[in-house]
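Chemist: The amino acid sequence is not available; the structure is as follows:
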């Protein structure tokens, strides 16, 4: 449950360094080197009938990812997997939008704008639990009309808090994604893909020493 606390712009301390919020996230996961996890995806998309999908996901810092699946597998590139290092504090202009409480704990909502605008730049709004240093909600928007909202639930694995469930709300252009087209909807029938994607994560193996060769040719684009 989210409770909003309203304030005047002048009430924000001029001495506050907003990069500290992102720095705290990086420090919390500084010992995380890699993980592998089983992924189950359930779709509730308007105009699509898509069966649940299963896969194994491999991640290695700072931004390598690989997905193994027996058939076509769609995972939203924003919010669909967990990378605590994707928000480098040096790469974003940061604005405090509001202070709030999240599940009874102090939190902030920040707007992150990339300092270097390349391609179709994405803007991020993060709701961060500042007591546990966790991203609880993430909103992503782009100039090309992509709107994604992710809400994240966590569990404890080894000494790290990692997602057990991410719910993603999509409103994106149909023609921008080959993976969306592979789901079988005709481009002539819809211009946008809207709806919800629920992603469950289980059977984590953390810091098992994944080799770089596993990720050959599978590195995802960075957030710039």
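Modeler: Looks like it arrived, so ask away. The model shown is predicted, which means the values in this text are computed figures rather than measured ones.
Chemist: Could you list the buried residues of stretch 62-76?
Modeler: 64, 65, 66, 67, 73, 74, 75, 76 (16 or more other CB atoms under 10 Å). All C-beta spots, glycine's among them, are computed from the backbone N, C-alpha and C.
Chemist: Columns distance to residue 158 on top of those residues, output as JSON lines?
Modeler: Putting the buried residues of stretch 62-76 into JSON lines (distance: CB to CB, whole Å) gives the following:
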{"residue": "64", "distance to residue 158": "19"}
{"residue": "65", "distance to residue 158": "19"}
{"residue": "66", "distance to residue 158": "21"}
{"residue": "67", "distance to residue 158": "22"}
{"residue": "73", "distance to residue 158": "26"}
{"residue": "74", "distance to residue 158": "29"}
{"residue": "75", "distance to residue 158": "23"}
{"residue": "76", "distance to residue 158": "26"}
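Chemist: give the contact list for the nearest residue to residue 18 once chain neighbours are set aside.
Modeler: Of all residues not flanking residue 18 in the chain, residue 94 sits nearest, at 4.2 Å (CB to CB, 6 or more residues apart in numbering). Applying CB atoms under 8 Å, 6 or more residues apart in numbering, we find residue 94 in contact with 18, 19, 21, 22, 110, 111, 112.
Chemist: in the chain, what secondary structure element scores lowest on mean pLDDT?
Modeler: None of the helices or strands of the chain scores lower by mean pLDDT, DSSP states H and E than strand 2-5, at a mean of 42.
Chemist: ok but residue 214 is inside a helix, no?
Modeler: Yes - assessed with DSSP: H, G, I helix; E, B strand; the rest coil, residue 214 lies in a helix.
Chemist: ok, how many other residues are close to it?
Modeler: Residue 214 has 14 neighbouring residues, counting by other CB atoms under 10 Å.
Chemist: same check, this time on residue 21
Modeler: 20.
Chemist: and the nearest residue to residue 29 once chain neighbours are set aside, which of the three is it?
Modeler: Spatial nearest neighbour of residue 29, excluding adjacent residues (CB to CB, 6+ apart): residue 84 at 4.0 Å. Classification of residue 84 by three-state DSSP places it in coil.
Chemist: Okay, residue 84 and residue 26: tell me how far apart.
Modeler: As judged by CB to CB, to the nearest Å, residue 84 and residue 26 stand 7 Å apart.
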